[in-house]
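Participant: need coordinates for the below:
(one chain, ligands or ions: 1)
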Amino acid sequence: MDKMTKAQQIKQLLILKSLGYKYYNPNLLSLTQDTMILPQNMDNLKKQTLQCHLCQLSKTRTNVVFGEGNLSAKIMFVGEGPGENEDKLARPFVGKSGELLTAMIENVLGLKRENIYIANIVKCRPPNNREPSQEEATTCLPFLKKQIEIIKPKIIVTLGSVALKYLTTNELKISKVRGSIIKQDNLTIIPTYHPSYLLRNPSAKKEAFEDLKSIKKMYDEI
Ligand code: URA
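Facilitator: Okay, here's the model as predicted:
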């Protein structure tokens, strides 16, 4: 390319930049959510996820928290994103909120944790446990969607407002829709409160208990 053409191209790029366009690495573009071709096999999907550097959370994570549980689970729980303990141990829900979640699963649903599948909207810990940004969540979502596609759970329980926001489309309010059945993209989603919220607001445990009872009723019928 001669100097003149190069200067003209740089000028055009600067004009685009001033109009708000951003540079994207074309190799990454082919990995965005619409076109991402992900493995259909959970082990291969996990391998690919462990190497992901598609968002800035990859820079500060200790481990990718892929998710865990039974690949034939009829029920899947989806949280927001790993916290400090999860980031250290590479396992979802292993801290204080994990203890509560496990108790909810075992004591109210009457299931073993190993019989269900647990994952998060984002697989890397947001620094200081902040909420994942829209960009981080939508970049990571295809991995979760593929996990759902592989497991084919009959019920997905979203824990808290972030999981609800990214797995449903209509900007639903958790306090309004908790415990109800949302049908979306051939999925059956039942939202309830996040265990961390319940730890901070114990009075909401009563409502979460009601939600879990309806989830159990539905589970027993499938
Ligand atoms: N909170 C979440 O949303 N997910 C975890 O894995 C742990 C805490």
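
Participant: quick check: can you list the domain ranges of this protein?
Facilitator: Per the record, the chain has its domains at 3-59, 68-221, by automatic domain parsing.

Participant: of these, which shows the lowest average pLDDT?
Facilitator: Across the domains of the chain, domain 3-59 has the smallest mean pLDDT, namely a mean of 76.

Participant: tell me how far that domain lies from the chain's centre.
Facilitator: Counting by C-alpha atoms, centre = their mean, to the nearest Å, domain 3-59 is centred 21 Å from the centre of its parent chain.

Participant: returning to what we had before: can you tell which of the domains of the chain is closest to the ligand?
Facilitator: Proximity to the ligand, assessed across those by C-beta to the nearest ligand atom, is greatest for domain 68-221 (2.9 Å). For glycine as for every other residue, the C-beta is placed from the backbone atoms N, C-alpha and C.

Participant: next, see if that closest one gets close to the ligand.
Facilitator: Yes. Judged by C-beta under 6 Å from any ligand atom, domain 68-221 comes into contact with the ligand at G79, E80, G81, P82, G83, E86, P92, F93, S97, G98, N120, S196.

Participant: returning to what we had before: now the domains of the chain in a markdown table, with mean neighbour count?
Facilitator: Converted to a markdown table, these look like this (neighbours: other C-beta atoms under 10 Å):
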| stretch | mean neighbour count |
| --- | --- |
| domain 3-59 | 12 |
| domain 68-221 | 18 |
